[in-house]
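J.: Here is my input; please provide its structure:
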Amino acid sequence: MSTARTFYCNIGAFTPAERARHKQLTDKLLANAKQIVELENGYDFQLNASLISLPELAEWLAHESKCCPFFDFQVDYKNEGSRLSVKLTGAEGIKPFIRAEFHLPTETRL
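T.: Here you go, the predicted structure:
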């Protein structure tokens with residue numbers, strides 16, 4: 001038997017300026033995702049590395065981990081930056097939260 005967890009973003013973790021910057025980075029990350037692949041325990045955001053930089057992704061990760069410390073992150077940076085992706089995963093029940101939080105369609109490619 002499994003227990004579903006409830007996940008909440010701590011929006012109080014940001015100053016107004018930090019919140020605005022985080023939204024800007026989130027919008028940029030989502031707009032420049034070449035593909036979003038559904039994983040067993042989350043999603044892999046495959047990014048266009050010519051449009052979002054590794055430092056911008058690192059800044060987004062720092063912000064996201066501040067408001068949502070229950071996420072697990074894995075960054076892949078390969079072939080001199082030709083492949084940049086971030087896997088966003090977590091405990092059981094995280095996928096519906098990610099879908100809702102990032103406005104993802106209910107069906108993505110596995």
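
J.: Need the residue closest to the centroid of this structure.
T.: The centroid of the chain falls nearest to L88 when counting by CA atoms, centre = their mean (5.1 Å).

J.: residues in contact with it?
T.: 42-45, 71-73, 98 (CB atoms under 8 Å, 6 or more residues apart in numbering). Yep, even glycine has a C-beta here, placed from its N, CA and C like the rest.

J.: Wasn't it part of a strand?
T.: Yes - with DSSP: H, G, I helix; E, B strand; the rest coil as the criterion, L88 is part of a strand.

J.: For it, give its distance to Q74.
T.: 8 Å (CB to CB, to the nearest Å).

J.: cool, F45 as well?
T.: Taking CB to CB, one finds F45 at 11 Å from Q74.

J.: neighbour count winner among those two?
T.: Neighbour tally, F45 and Q74, criterion other CB atoms under 10 Å: the higher count belongs to F45, 23 against 11.

J.: The more buried one contacts A33, doesn't it?
T.: Yes - between F45 and A33 a contact is recorded at 4.9 Å, counting by CB atoms under 8 Å.

J.: for the longest helix that the chain contains, packing partners?
T.: Identified as the longest helix of the chain according to DSSP state H is helix 16-31. When contacts are defined as 3 or more CB pairs under 8 Å, 6 or more residues apart in numbering; DSSP states H and E, helix 16-31 sits against strand 42-47, helix 54-67.

J.: Are we agreed that Q74 is in a strand?
T.: Yes - with three-state DSSP as the criterion, Q74 is part of a strand.

J.: ok, it - contacts?
T.: Per CB under 8 Å, 6+ apart, neighbours of Q74: 86-87, 89.

J.: Let's have these in JSON lines, adding pLDDT, distance to C9 and neighbour count.
T.: Below are the contacts of Q74 laid out as JSON lines (pLDDT from 0 to 100; distance: CB to CB, whole Å; neighbours: other CB atoms under 10 Å):
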{"residue": "V86", "pLDDT": "97", "distance to C9": "17", "neighbour count": "22"}
{"residue": "K87", "pLDDT": "98", "distance to C9": "19", "neighbour count": "18"}
{"residue": "T89", "pLDDT": "97", "distance to C9": "16", "neighbour count": "17"}
